[in-house]
Each structure stands twice: as C-alpha cells, then as structure tokens.
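Novice: following is a predicted model, sequence given first.
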There are 2 protein chains.
Amino acid sequence: MTAPRPASVGMSIDEVDTPCLLVDLDAFERNVATVARFVAETGVRLRAHAKTHKSADIAAYQIEKGGAVGVCCQKVSEAEALVDGGIRDVLVSNQVVAPLKIDRLAALAKRARIIVCVDDAANVADLSAAAAKHGATIECLVEIDVGQDRCGVEPGADAVALAQKIAASPDLKFAGLQAYHGRAQHIRDYALRKAHIDFAIAATKQTLSQLYHAGIECGIVAGAGTGTFRFEGASGIYNELQCGSYVFMDADYQRVKGANGEGISDFDNALFVLTSVMSKTRPGKAVCDAGLKAQSVDSGMPVVFGRDDLRYVKCSDEHGVIEDPGNTLKLNDKLKLVPGHCDPTVNLYDWYVAVRGGRVEAVWPVTARGRVA
Amino acid sequence: MTAPRPASVGMSIDEVDTPCLLVDLDAFERNVATVARFVAETGVRLRAHAKTHKSADIAAYQIEKGGAVGVCCQKVSEAEALVDGGIRDVLVSNQVVAPLKIDRLAALAKRARIIVCVDDAANVADLSAAAAKHGATIECLVEIDVGQDRCGVEPGADAVALAQKIAASPDLKFAGLQAYHGRAQHIRDYALRKAHIDFAIAATKQTLSQLYHAGIECGIVAGAGTGTFRFEGASGIYNELQCGSYVFMDADYQRVKGANGEGISDFDNALFVLTSVMSKTRPGKAVCDAGLKAQSVDSGMPVVFGRDDLRYVKCSDEHGVIEDPGNTLKLNDKLKLVPGHCDPTVNLYDWYVAVRGGRVEAVWPVTARGRVA
C-alpha cells in the first residue's frame, strides 16, 4: 500500500507531484544544529523523539550530526521499523502492556538497546517474563505524572515502590525516570509554561531524593519537548531531553511565546505540505489539492508559507479552500502549507521530498508510517 | 511502508493487535443491501464513492452485490490503485489539472472506463490533447456549483458553454453533469437539508433544460451522498448517486436527523477503531492506545460503541483519555470506537480486519491508502 514516489532526485520543485511532504534541508539542518549546540553547552543528553518524523534517515542524521544519543518512539511497531532501519538505541516512551506487544518488545531487545516506560506493577512481571523467555534485557523507566494527567504513577513513594520492583526483577534493569509534561509544551504564555515545568522539576527532584534514600541509582532523568526543553535542560535535574518537533516546527508551536513575547523559534519551518491550485472558478477564492487526508487539522488550519495575503480557511477530505482577496492564484500554482500539527501530518505520507535551493536532493521513506500498534 | 497485518483469518477478535480498523461484516452487508434496495426500487444508478473505503475488495462487493454500476474516487492515484485492483468503471469526481496527472489519467483510460469532472475551459483542451496522445477516450462531466461553493461553474449558460467545448473536443466525450452538494450532507436538520437539495435539484433541472435546448444530450446527472441521497434519488432529475459513507456510517452522520427527528440511519455502525486500555493509574479515567494517528477528530471525538457509561474526552498523538466514572476498565480491555469521520480515519490504515461473530473472516488491504496525489 505504499504510494508512488512524488519526486526523484535532481528534479525541480516545480515538477514534484502534489500534495506531498516537503523538507527544506537548510532549515532542517539549522534546527538540528540549534539543539545540538544547546545539549553540547549544557551537558545534557538528547534522545530525539522519532514520533515526529518516523524516519530512520532523520534519526540517523540526529545521531550522527545532531548530538543525539538515540531516539524515542511511542509504539512497538515504530521501534521495530527504526531498528530495522539501523537505529540501535530506542526508548519506547510509553507503556507496553499487551502480551503480544511485550513479546515483540523483548525480541527486539536482542537486536538493540530497548528502554520502555512502566506505570503498573503487574506489567513489570510480564516484561520480566518476556525478557527471560527471549534471553534479553529490557531497561525500564518509571513514568511519573508531573502534570500531564494521563499515564504515569504519582511522584514519590509510588514511583520508588515501582522502581524497587523493577530493580528486583530478573532480566529487567531500572534505568531511571520518565517525567514528561506534554501538556505544557504548547502553552502560549511563557510564565505559565515555565510554572508548569517548575512544578515538574520539583516533583522529579523530590522523587530522585526518595530513590537516593532507598539506595536506588537513577541513570536517566528524561522528559522535555520542543516547547520547554530549555527549562528542563538548565534544571540540573533532567539529564535526557526528548524534543521531537524542533526538526520541523509547525504552525501551532510557532504560537508559543518566549520570555519577551517573541516566538520560541530559533527554529525555522522545515516541513511543508506542497499543494497545487486545482480549481479556480470564484473571485477571491482558490481550491487546492490538500485536504484532511493530506494534513491533520487537530491544531488548526495550515498556514500558507510566505504568503500573508492568502488564508487557508476550509479543509474537506480532498480539498482546501484558500481566500485570495487579490485574485493572485491560478490553476497549478504551487503553495507551501505549514501544517498546524507536524506529527499526525507526517504519518499520512510514505515519502519525504527533501529539497535545497529549489531542487530535490533526496527522497526519504517515512519508515514507520502507519505504525500505530 | 506497509504496516504488519494486525490479524489473521480465523483469529478471535480478542487476539487482534490494536489499534486497528475493524469492519463488522453483518452491519456492512446490511448497509450495502439497504442502498441496493433503494436504487433497485427507484431505478436510479448507484456509483458508490470509494473515497470512503479506498478498498478494491469493497468496491468489487458493491458492484457485484450492492447494485453499483461502478465507483467514484477523488484522485488519479486512487483511480490507478482501484483499476490495478480490478475495477473497470471509475469516475474521478474531481478536477484533474496538473499536466503529469492528466497524462496518467489518459493512460488509465486505455485500461478502464474513466470519467472526470471539469470546471475550466483550458483544462478541456489539455484533457483532449492527452487523450489523443494515448489513443484513449476520456469522458467528462461538467461540474456545476449547486451550493457547495468550492469547485464547479455556475449552473446554466456557463455549464452549457463548457459542455459544448467538451462535445467539440476530439477524444473527449461529454458524459453529463456533476451536481454534488457536499455541504448539505451533514446538515442536522431535515427541513434545512432538504431545502438545500431542493435548490440543487432546481439548478440542475434548469441546466438540463438549457443543455436540451442547445441539443446536447446529458447521459449522467450525478451527485448525492449518504445524508441526502433519498432526495436526489426521488427527484426525477438525478440518475446517478454517489453515496460513500453509508457502508460504514460514522459518529457525525449519526447526528443527522430524519423527517421526524430520528437518525437518518437505516444504517448501522460497521466501522470501528479497535483500541486497548494501555494505562490505568487514575480513578475514573483510563488511557487507550488510539490517538490522533489512529483516527481523525476533525468532526469530533470518537464515540465508545455500546458503552454509554464511557466517554472519549481527549485525543493526543498516540493516546486517548476515556472517562470511566464507574472504574470498569482495566489494562488490555478492548473497546470499539466509532470514528467521528470515517474517510480520513480509514486513510490512516493499511488493513481492514473484517469480523463476523467475534471471528476474523478476512483481512483486506486499504488499496488506495495514502493515495492523495
């Protein structure tokens, strides 16, 4: 069910079939370098989140050139695709509780370093049994709830009890804490966002202290995303950052403000949905070929890049309606849309078309596209 | 980039990997039969819309058992996948204007009956040249805007002029009118929905009259979807219906009301996202493994099928938060989610798991998954 490649190397951007996923390589490389500099300066590790890009090529680039020690992903099937693609250090930053999935995770731990998050005592026993069956070691992070209100045990005593259970389990290794505050990432206001992460830092610090007093060493203290990583990175508490969206940026992240009301972006838009005008029968409007199957609108409509005069106003299954008050658009004109939300948009495509200076430089597979299980 | 099959034939539903796309075969077959009966009774044709299911297997079933004369789809790449899958009569119910796509469409017209919609005079010339190059005939419908306010020319004189241009073009055939009112399909109120379609019927009738006086025969008068097909089917004006969602139903269509305030559904929910509980650390809440990459939330959150006590309240990339006031859920419990919107949800998956009586009866590929170009 793989779609045909929308481009080939050397092609001009004007010849690329639409809609497709476009990566601006200059912007992408700048974004990767920005976080690489930050982790080099602060001495924390970067474990880049591959749920954003689902690409073994991009993961390899982040490890080779972007200061990453490995990657995160969210699903066992994603981890399998990344390991198949050559990645050798993968944290599934999520719970894995289904028997079939646990078995596959343990099998994978024979081929790569595999870390997984845990928030349930019975799950620890299941993971241990599967690791033993496969002769593998699975590393476990205890996930604590630092404000996300979703998965994870309470910070403090509950976390310590779970860590002790892991440490006592054959073929498992207690590797540390997962303390990710996802809900904080997209909070627009700087002070409010910082306050949420201050809480997460305090809760994590308190749990670390209790682990220390229980005689349990905590190698990894992990969390942070593109919206907050500078807080966690400077905390002296977190030592592994899990930023993902920074490679691409999206329209929603650009609404997140820095300390002085500016955008958080030292990051540039590096990901676009390339679309074409496919109907133009009304004054002041054009219809493009990228709708709901070409981008996710859960975080709002896409923004037309570099065209403040145009507004993408309506998204149906296969169409986008663009307001064009100046009647500038004509059939087959190409536009670059900045997706409202990168991650679920990427998951719709089989291919990245990577361009530099208007030319296609590479066509990368979206290695883990559709790996939701 | 095809994901592994989540099930195999004969398996119990309890063993199926999640999240995955589930088809209840009994409900699906009832839905197909309901529309087959309607078109048999009214004498109109059904050209089922394959943009809903993107499946050559389901399209073939609709043609063999469901009274359909052929299918619609929205993109050239979808049409290619369906023709590759054995379907021989395909309407691309959309404009095809990019040179590369026109060339592919003309090549496809050597292998199957291909019909396409047109709303631009220059496009007619391009289609004609491509058909000549490939030695093919492309059939064209003039799309008129009957209230959708998106693609299409004005009803009346503009449509006649375009029809004349098509009729005069070598290697093209003027096949009729496309008069689909998409915006009307999901209007909740019966009288308002009917008023919109009454307008569409009147505008179509007037255009047909002008075509008749211009001496142009109009073979196909096409439109209608699951929300309105009974109006167009009884109009005496439309002769080809393009319903798609009826095979599956979705949560949004179930909010559309009939004449007496009841649901429009003689249709049953036949499509589900099967999900599992993967974290349960809070009273009154559970977290499932189906998030934004497992379903589209553009038309609202999914509904938990058969469980009025549960509410899916929050959808993030890989997680769904479910309110469970009775604390009934435990890890690995499976739930059937009715997607808010079928079409973009189906497009996320490579496989349908077709079940009857709790057993997997077939695993169908989503033939045209990701075919957005």
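Specialist: On my side now, so go ahead. Being a predicted model, the structure only gives us computed values, none of them experimental. Numbers count the residues shown, from 1 in each chain, chains lettered A, B, ... in the order given.

Novice: how near is the residue nearest to residue A:261 when sequence neighbours are not counted to chain B?
Specialist: Distances taken as CB to CB, 6 or more residues apart in numbering or on different chains place residue A:190 nearest to residue A:261, at 7.7 Å, with adjacent residues excluded. (C-beta placed from N, C-alpha, C; glycine too.) Distance, residue A:190 to chain B, by CB to the nearest CB, to the nearest Å: 22 Å.

Novice: count the residues that sit near residue A:190.
Specialist: Residue A:190: 16 surrounding residues under other CB atoms under 10 Å in any protein chain shown.

Novice: give me the local confidence score for it.
Specialist: We have a pLDDT of 93 for residue A:190.

Novice: need the contact list for it.
Specialist: By CB atoms under 8 Å, 6 or more residues apart in numbering or on different chains, residue A:190 lies in contact with A:257, A:258, A:259, A:261.

Novice: where does the stretch 151-300 of chain A have low pLDDT?
Specialist: Scanning the stretch 151-300 of chain A with the threshold set as pLDDT under 70 gives A:264-265.

Novice: what residues does it put near chain B?
Specialist: Neighbours of chain B within the stretch 151-300 of chain A, by CB under 8 Å from any CB of the partner chain: A:151-153, A:182, A:276, A:278-282, A:287, A:289-290, A:292-294, A:296-298.

Novice: what do you get if the cut-off is 10 Å, keeping everything else the same?
Specialist: Contact residues, the stretch 151-300 of chain A versus chain B (CB under 10 Å from any CB of the partner chain): A:151-154, A:158, A:182-183, A:244, A:273, A:275-282, A:285, A:287, A:289-299.

Novice: hey, where'd the strands end up in the stretch 201-350 of chain A?
Specialist: A:220-223, A:240-241, A:271-279, A:285-288, A:303-304, A:311-315, A:320-323, A:334-338 (DSSP state E, counting those that start in this stretch).

Novice: what about the second one, distance to the chain center?
Specialist: Taking the mean of its C-alpha atoms, strand A:240-241 sits 13 Å from the chain's own mean (CA atoms, centre = their mean, to the nearest Å).

Novice: same thing with the last one?
Specialist: Relative to the centre of its chain, strand A:334-338 is centred 22 Å away, using CA atoms, centre = their mean.

Novice: can you give the strand pairings for that strand, parallel or anti for each?
Specialist: Strands adjacent to strand A:334-338 in the sheet, as given by DSSP bridges, are strand A:271-279 (antiparallel), strand A:303-304 (antiparallel).

Novice: neighbours of residue A:285, how many?
Specialist: Residue A:285, neighbours per other CB under 10 Å, totals 19.

Novice: quickly list what it is bridged to.
Specialist: Going by DSSP bridges, residue A:285 forms beta bridges with residue A:323.

Novice: isn't it up against residue A:328?
Specialist: No. With contact defined as CB atoms under 10 Å, residue A:285 does not reach residue A:328; the gap is 11.7 Å.

Novice: do a quick rundown of the helices in chain A.
Specialist: Taking DSSP state H, the helices of chain A run over residues A:25-42, A:56-65, A:76-84, A:99-108, A:121-134, A:157-167, A:190-213, A:229-233, A:342-346.

Novice: tell me which of those sits most buried.
Specialist: Highest mean neighbour count among the helices of chain A (mean count of other CB atoms under 10 Å in any protein chain shown): helix A:342-346, with a mean of 27.

Novice: now do that one: which elements does it pack against?
Specialist: strand A:20-24, strand A:271-279 (3 or more CB pairs under 10 Å, 6 or more residues apart in numbering or on different chains; DSSP states H and E).

Novice: reformat those strands into JSON lines and put mean neighbour count next to each item.
Specialist: Compiled in JSON lines, the helices and strands packed on helix A:342-346 are given as follows (neighbours: other CB atoms under 10 Å in any protein chain shown):
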{"stretch": "strand A:20-24", "mean neighbour count": "24"}
{"stretch": "strand A:271-279", "mean neighbour count": "25"}
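
Novice: picking that back up, so which of the strands of the stretch 201-350 of chain A gets nearest residue A:143?
Specialist: Checking the strands of the stretch 201-350 of chain A against residue A:143 by CB to CB gives strand A:220-223 as the closest, at 9.4 Å.

Novice: tell me how many other residues crowd the residue lying closest to residue A:300 once chain neighbours are set aside.
Specialist: Nearest residue to residue A:300, sequence neighbours excluded (CB to CB, 6+ apart): residue A:340, at 4.3 Å. Neighbourhood size, residue A:340 [other CB under 10 Å]: 23.

Novice: separation between residue A:340 and chain B?
Specialist: Separation of residue A:340 from chain B (CB to the nearest CB) stands at 11 Å.

Novice: for that residue, phi and psi?
Specialist: Torsion angles at residue A:340 (phi, psi; degrees, to the nearest 10) stand at phi -60, psi -40.

Novice: returning to what we had before: highest neighbour count among the contacts of residue A:190?
Specialist: Using other CB under 10 Å as the neighbour criterion, residue A:257 leads those with 17 neighbours.

Novice: pretty sure it is touching residue A:186, no?
Specialist: No. Shown here, residue A:257 and residue A:186 do not form a contact pair, counting by CB under 10 Å, at 11.1 Å.

Novice: show me whatever sits in contact with both of the two.
Specialist: Residues touching both residue A:257 and residue A:186 (CB atoms under 10 Å, 6 or more residues apart in numbering or on different chains): residue A:193.

Novice: which of the residues of the stretch 151-300 of chain A next to chain B are buried?
Specialist: Among those, the ones that count as buried by 16 or more other CB atoms under 10 Å in any protein chain shown are A:151-153, A:158, A:182, A:244, A:273, A:275-282, A:285, A:287, A:289-299.

Novice: dump the residue contacts of the residue in the stretch 101-250 of chain A that chain B sits nearest to.
Specialist: As assessed by CB to the nearest CB, chain B sits closest to residue A:151 within the stretch 101-250 of chain A, at 3.9 Å. Neighbouring residues of residue A:151 by CB under 10 Å, 6+ apart: A:93-95, A:117-120, A:143-145, A:178, A:180, A:182, B:278-282, B:287, B:319, B:321.

Novice: go again using 8 Å as the cut-off
Specialist: Residues near residue A:151 by CB under 8 Å, 6+ apart: A:94, A:95, A:117, A:119, A:143, A:145, B:278, B:279, B:281, B:287, B:319.

Novice: pop the domain breakdown of chain A in here.
Specialist: For chain A, the structural domains run A:11-21+A:265-365, A:26-249, going by the TED database.

Novice: dump these into CSV; add distance to residue B:311 as well.
Specialist: Below are the domains of chain A laid out as CSV (distance: least, CB to CB, whole Å):
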stretch, distance to residue B:311
domain A:11-21+A:265-365, 18
domain A:26-249, 16
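
Novice: for the ones you listed, which one sits closest to residue B:250?
Specialist: Across the domains of chain A, residue B:250 has its closest neighbour in domain A:11-21+A:265-365 (12.1 Å, CB to CB).

Novice: and residue A:34, how far is that from chain B?
Specialist: From residue A:34 over to chain B the distance is 23 Å, taken as CB to the nearest CB.

Novice: isn't that residue up against residue A:270?
Specialist: No. The pair residue A:34 and residue A:270 does not pass the contact test of CB atoms under 8 Å, sitting 11.2 Å apart.

Novice: and the stretch 1-150 of chain A, which of its residues are near chain B?
Specialist: A:1-4, A:6, A:15, A:17-20, A:51, A:74-75, A:77, A:94-101, A:119-120, A:122-123, A:145, A:149-150.

Novice: of these, buried ones?
Specialist: Of those, these count as buried by 16+ other CB under 10 Å: A:1, A:3, A:6, A:17-20, A:51, A:74-75, A:77, A:94-98, A:101, A:119-120, A:123, A:145, A:150.
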